[in-house]
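[1] The following comprises the amino acid sequence and a computationally predicted model.
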Amino acid sequence: MTTAHAKETAGTDLVVPLNSRRQKRAAVVQKANHLIPAAGLLFSGVQSLTDGVHGLELVLAVGGIITSALLLAAFAKHLHKLRTHTTTHAAHGVDWMDIFAAGVLFAEGVEKYRIRGHLFRPEFLATAATLGIGLFHGRLAAAAARRRSLRITADHLYIGGRLRFSRALTARWDEISEITITDREAVICTRAGRRRRLNLADLENAPAVRDALYAAQQRLLPAPS
């Protein structure tokens with residue numbers, strides 16, 4: 001059976017995503033950083049049209065205005081989707097916001113090259129990196145979703161984590177000493193002394209995660225004699 005919060009894979013595996021509100025806010029801030037050069041490029045493009053530029057300057061001005069406007073529209077659409085969808089789902093395909101952001105960075109680099117004559121600018125490297133992230137967004141998002149999940153199998157318990165903030169925990173059932181669950185957090189302890197804390201108050205799908213952990217607790221109970 002598959003739901004919006006959890007799904008069973010082959011056999012008895014149960015997989016529940018860990019949808020962090022804090023992570024979602026951080027992602028919005030990261031994307032909002034693209035708006036700073038976009039606003040400058042948009043203003044510069046409008047100013048150039050007002051001054052009546054021609055030739056290459058006109059092309060750059062129009063291109064800057066279009067890419068900046070597309071980026072701003074994509075960000076507004078992204079915010080709307082976040083407000084209307086309470087649970088984060090796995091994303092597929094490309095991320096148009098990153099692609100338009102790459103366009104903004106490229107236009108900014110071309111403009112600086114036209115003024116200063118330096119070809120190998122940081123903007124061009126950032127363009128390539130941002131474009132790659134946008135084009136491979138589906139694969140990157142799917143890999144991140146697999147990493148940030150709670151997985152219960154017949155043999156072990158897996159709790160994913162972000163590389164910078166928490167380490168993933170993988171333990172066989174006989175290696176787990178205790179699973180403690182409260183309204184706001186859950187703590188998994190192993191017999192080797194490892195601890196993994198889950199901030200349930202931060203998870204959008206906390207009820208589904210809590211139910212899965214209750215099921216995991218049952219596996220630790222001694223079999224009735």
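    Structure received.
[2] for the chain, which helix is longest?
    Ranked by residue count and defined by DSSP state H, the top helix of the chain is helix 55-84.
[3] how close does Val15 get to Leu220?
    Distance, Val15 to Leu220, using Cβ to Cβ, to the nearest Å: 19 Å. Using the backbone N, CA and C atoms, a C-beta is placed for each residue, glycine as well.
[4] isn't there a strand covering Gly93?
    No. Using DSSP: H, G, I helix; E, B strand; the rest coil, the secondary structure at Gly93 is coil, not a strand.
[5] thinking again about what came up before, quick one: buried residues of the longest helix of the chain?
    57, 60-61, 63-65, 67-68, 70-72, 74-75, 78 (16 or more other Cβ atoms under 10 Å).
[6] Packing partners of it?
    helix 21-32, helix 35-50, helix 96-116 (3 or more Cβ pairs under 8 Å, 6 or more residues apart in numbering; DSSP states H and E).
[7] List the contacts of the shortest one.
    Applying Cβ atoms under 8 Å, 6 or more residues apart in numbering, the set of residues contacting helix 21-32 from outside is 75, 78-79, 82, 88, 97, 101, 148, 162, 202-204.
[8] so can I have JSON lines of those residues showing pLDDT and distance to Tyr214?
    Below are the contacts of helix 21-32 laid out as JSON lines (pLDDT from 0 to 100; distance: Cβ to Cβ, whole Å):
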{"residue": "Phe75", "pLDDT": "91", "distance to Tyr214": "39"}
{"residue": "His78", "pLDDT": "85", "distance to Tyr214": "35"}
{"residue": "Leu79", "pLDDT": "85", "distance to Tyr214": "35"}
{"residue": "Leu82", "pLDDT": "77", "distance to Tyr214": "29"}
{"residue": "Thr88", "pLDDT": "44", "distance to Tyr214": "23"}
{"residue": "Met97", "pLDDT": "90", "distance to Tyr214": "38"}
{"residue": "Ala101", "pLDDT": "91", "distance to Tyr214": "42"}
{"residue": "Arg148", "pLDDT": "87", "distance to Tyr214": "20"}
{"residue": "Arg162", "pLDDT": "59", "distance to Tyr214": "24"}
{"residue": "Asp202", "pLDDT": "93", "distance to Tyr214": "19"}
{"residue": "Leu203", "pLDDT": "93", "distance to Tyr214": "15"}
{"residue": "Glu204", "pLDDT": "90", "distance to Tyr214": "18"}
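[9] which two in these are spaced the farthest apart?
    Distance extremes for the contacts of helix 21-32: the farthest pair is Ala101 and Leu203 at 28.6 Å, using Cβ to Cβ.
[10] Among the two, which residue is more densely surrounded?
    Ala101 (29 against 22; other Cβ atoms under 10 Å).
[11] Now do the phi/psi pair for the residue lying closest to that one once chain neighbours are set aside.
    In space, and not counting its chain neighbours, Ala101 is closest to His34: 4.0 Å by Cβ to Cβ, 6 or more residues apart in numbering. Taking degrees, to the nearest 10, you get phi -70, psi -20 for the backbone angles of His34.
[12] ok, His34 to Lys112 distance?
    17 Å.
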